[in-house]
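# could you look at this predicted model? Sequence included:
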Amino acid sequence: MGDKITGAQNNEIRIKLREAIEKFYDRLHIPFTSEQLKYLKRIDKIDIIECGHGWFFPIIGIFRLPIMATTLIKDDNTVVLFRCNDDYTRRTHYSTRKLSFYQRGLSEDQQNNPITMKCERKRVLRYAPPPSEKYLQYLRDRIKTRFYENFPYAEREYQFKIGRRDRKEILENIDWIIDFLIERLNMIDNYADWCERINIDLLRLTNPKQYDKIFFVSHIDLAEMFREQLQAFFSRSEEFVKVINEVIAKQKADGKAVYKANEVGKDYLPFWFLCPKCMIRNRAIKVENGFFYKCEQCGNCYNSEKMDFVIPDAITKQTLTALLNLKARVVGGIKPYSAVADACTEKICGIKAPPRIVLKTQPKFYGIGEPKIGSTRTTVLRALIEVEPETLGRLLVTPWEESPVIKSRFIP
């Protein structure tokens with residue numbers, strides 16, 4: 001059966017989790033609150049509700065996930081663990097760079113020259129540099145110009161006049177946001193950590209009460225801490241292939257969305273392999289003495305059995321965190337890979353997959369520049385130009401089935 005996979009049956013993996021959390025907070029120069037220290041001390045004994053996503057420039061709905069997860073806590077023995085997917089590349093998800101500044105009702109996808117954050121195209125963003133201060137100063141001017149374009153649009157759509165005092169306050173809020181981003185450039189040396197530091201600090205501003213019960217952790221740090229478990233996954237890759245193909249066949253038979261259009265081959269490996277030279281993600285195949293891949297960027301070939309530059313993909317990522325003996329996962333939706341990960345957890349690891357609790361509701365933002373019908377794709381940074389942090393935080397906490405309505409304080 002290959003290497004033994006340990007996790008839920010012992011506390012060792014929870015101790016490793018604590019080390020990964022401490023490593024992350026130390027690298028980001030974030031102190032724990034006194035309440036967080038109490039929970040961290042007994043992390044091996046408490047319940048964990050997990051959620052995760054790329055933590056770059058999240059729309060309000062993604063930012064809300066860990067906040068709403070805390071509403072499921074009914075005792076002093078449960079915390080929320082938010083896994084920051086710092087293994088993303090720019091192309092993995094729109095939130096890695098899109099800032100959602102609408103132009104007279106047009107979304108970024110409809111604009112010829114949208115306002116976006118500058119980041120490397122292919123490199124994993126944990127290993128990519130943050131933008132320069134010069135670029136952020138450039139963004140300051142572009143965002144202010146965008147608002148000057150949007151003022152007459154909003155006045156026409158809402159039939160009112162934006163006063164001089166309100167215009168001045170909006171421009172000052174833009175300055176506050178850009179200064180906030182620039183200050184954190186001095187604390188961090190890579191793009192992913194920079195974004196994560198920004199969002200953690202923002203969540204502490206918007207939702208200080210919920211913040212005490214949320215821990216953040218880097219996905220890549222987890223992979224490094226749990227190298228033994230990943231090695232066991234690698235040794236049992238043939239079992240992963242079997243389960244993946246069984247689930248794909250069932251999804252097709254049931255007429256559901258499939259994880260992959262075709263079955264995976266017997267040499268398939270459910271991991272990403274980072275080129276040590278380029279730090280971009282590659283797929284590899286299993287060979288007799290380990291794995292082999294040719295880097296898509298630089299063309300270097302790697303044939304090894306060492307797991308130093310290997311991180312879990314969507315399947316092994318969730319299989320790995322299931323070993324933490326999670327109470328539940330809070331997710332924005334059920335994906336085709338969800339069924340695959342759950343099947344791998346139960347059939348290969350021999351433990352019950354944690355239940356998924358879906359947060360289907362989507363916050364809608366009404367602001368200067370957005371369509372009059374509102375937007376569900378507004379980023380937190382964008383909203384904070386027109387909504388006070390405390391107000392935004394209060395509006396994000398709702399009954400589970402209720403979609404928040406967030407309206408700029410500058411429009412009627």
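Done, it's in.
# residues contacting the nearest residue in space to residue 154 that is not next to it in sequence?
Spatially, and ignoring its direct neighbours in sequence, residue 154 is nearest to residue 368 (4.3 Å; Cβ to Cβ, 6 or more residues apart in numbering). C-beta here means a position set from N, CA and C on the backbone, and glycine is covered the same way. Applying Cβ atoms under 8 Å, 6 or more residues apart in numbering to residue 368 gives the contacts 147, 150-151, 153-154, 162, 170, 386, 408, 410-411.
# one more time with 7 Å
147, 150-151, 154, 386, 408, 410-411 (Cβ atoms under 7 Å, 6 or more residues apart in numbering).
# how about residue 50?
81, 83, 321, 326, 329.
# farthest pair within those?
Taking Cβ to Cβ as the measure, the contacts of residue 50 span a maximum distance of 10.8 Å, between 83 and 326.
# of those two, who's got more company?
Using other Cβ atoms under 10 Å, the more surrounded residue of residue 83 and residue 326 is residue 83, with 24 against 18.
# assign the closest residue in space to the more buried one that isn't next to it in sequence to helix, strand or coil.
Distances taken as Cβ to Cβ, 6+ apart put residue 52 closest to residue 83, at 3.2 Å, once the chain neighbours are dropped. The three-state label given to residue 52 by DSSP: H, G, I helix; E, B strand; the rest coil is strand.
# do I have it right that residue 52 meets residue 82?
Yes - using Cβ atoms under 7 Å, residue 52 is in contact with residue 82, at 6.2 Å.
# and the helices in the stretch 201-350 of the chain?
Taking DSSP state H, counting those that start in this stretch as the test, the helices found in the stretch 201-350 of the chain are 208-211, 219-225, 227-235, 237-253, 314-322, 336-347.
# which stretch among the ones you listed comes nearest residue 32?
helix 208-211 (10.7 Å).
# which strands and helices sit next to the closest one?
Using 3 or more Cβ pairs under 7 Å, 6 or more residues apart in numbering; DSSP states H and E, no helix or strand is in contact with helix 208-211.
# in it, which residues are buried?
Of all the residues in helix 208-211, those buried under the rule 16 or more other Cβ atoms under 10 Å are 210-211.
# quick revisit: quick one: contacts for the residue nearest to residue 83?
Residues in contact with residue 52 (Cβ under 7 Å, 6+ apart) are 82-83, 85.
# what does residue 337 give?
Residue 337 neighbours (Cβ under 7 Å, 6+ apart): 259, 314-315.
# please redo it, this time with the cut-off set to 8 Å
259, 314-315, 318.
# of the residues you listed, which is the most crowded?
Scoring the contacts of residue 337 on neighbours with other Cβ under 10 Å, the highest-scoring entry is residue 318 at 27 neighbours.
# who's in contact with that residue?
Applying Cβ under 8 Å, 6+ apart, the residues near residue 318 are 329, 337-338, 341-342, 345.
# got it, and residue 189?
By Cβ under 8 Å, 6+ apart, the neighbours of residue 189 are 129-130.
# now do residue 336
251, 256-259.
# and the closest residue to residue 316 other than its chain neighbours, its phi and psi?
With Cβ to Cβ, 6+ apart as the criterion, residue 316 has its nearest non-adjacent residue at 4.8 Å, and that residue is residue 270. Main-chain dihedrals, residue 270, degrees, to the nearest 10: phi -80, psi 60.
# re earlier: pick the one among the contacts of residue 52 closest to residue 227.
For the contacts of residue 52, the nearest to residue 227 is residue 83 (16.9 Å; Cβ to Cβ).
# related to what we said a few turns ago, TSV please, covering the helices of the stretch 201-350 of the chain and showing mean pLDDT and distance to residue 361.
Shown next, in TSV, are the helices of the stretch 201-350 of the chain (pLDDT from 0 to 100; distance: least, Cβ to Cβ, whole Å):
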stretch	mean pLDDT	distance to residue 361
helix 208-211	97	17
helix 219-225	95	26
helix 227-235	93	34
helix 237-253	97	26
helix 314-322	95	23
helix 336-347	97	19
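# the ones you listed into TSV, with extra columns for distance to residue 60?
TSV is the format used below for the helices of the stretch 201-350 of the chain (distance: least, Cβ to Cβ, whole Å):
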stretch	distance to residue 60
helix 208-211	15
helix 219-225	22
helix 227-235	34
helix 237-253	31
helix 314-322	24
helix 336-347	23
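# the spatially closest residue to residue 276 that is not a sequence neighbour and residue 282: what is the separation?
Leaving aside its sequence neighbours, residue 276 sits nearest to residue 309 (Cβ to Cβ, 6+ apart; 5.6 Å). Per Cβ to Cβ, to the nearest Å, residue 309 is found 10 Å from residue 282.
# for residue 170, same thing?
In terms of Cβ to Cβ, residue 170 sits 45 Å off from residue 282.
# gap between the helix or strand containing residue 143 and the chain center?
Take DSSP states H and E as the rule and residue 143 turns out to sit in helix 133-158. In this view, helix 133-158 has its centroid 27 Å away from the chain centroid, taken as Cα atoms, centre = their mean, to the nearest Å.
# and it, what's buried?
Of the residues in helix 133-158, those buried (16+ other Cβ under 10 Å) are 136, 139-140, 143, 146-147, 150-151, 153-154, 157-158.
# heading C-terminal from it, find the next helix or strand.
helix 164-185.
# who touches the lowest-mean-pLDDT helix or strand in the chain?
Lowest mean confidence among the helices and strands of the chain (mean pLDDT, DSSP states H and E): strand 301-304, at a mean of 90. Contact partners of strand 301-304, identified using Cβ under 8 Å, 6+ apart, comprise 273, 275-276, 284, 287, 289-295.
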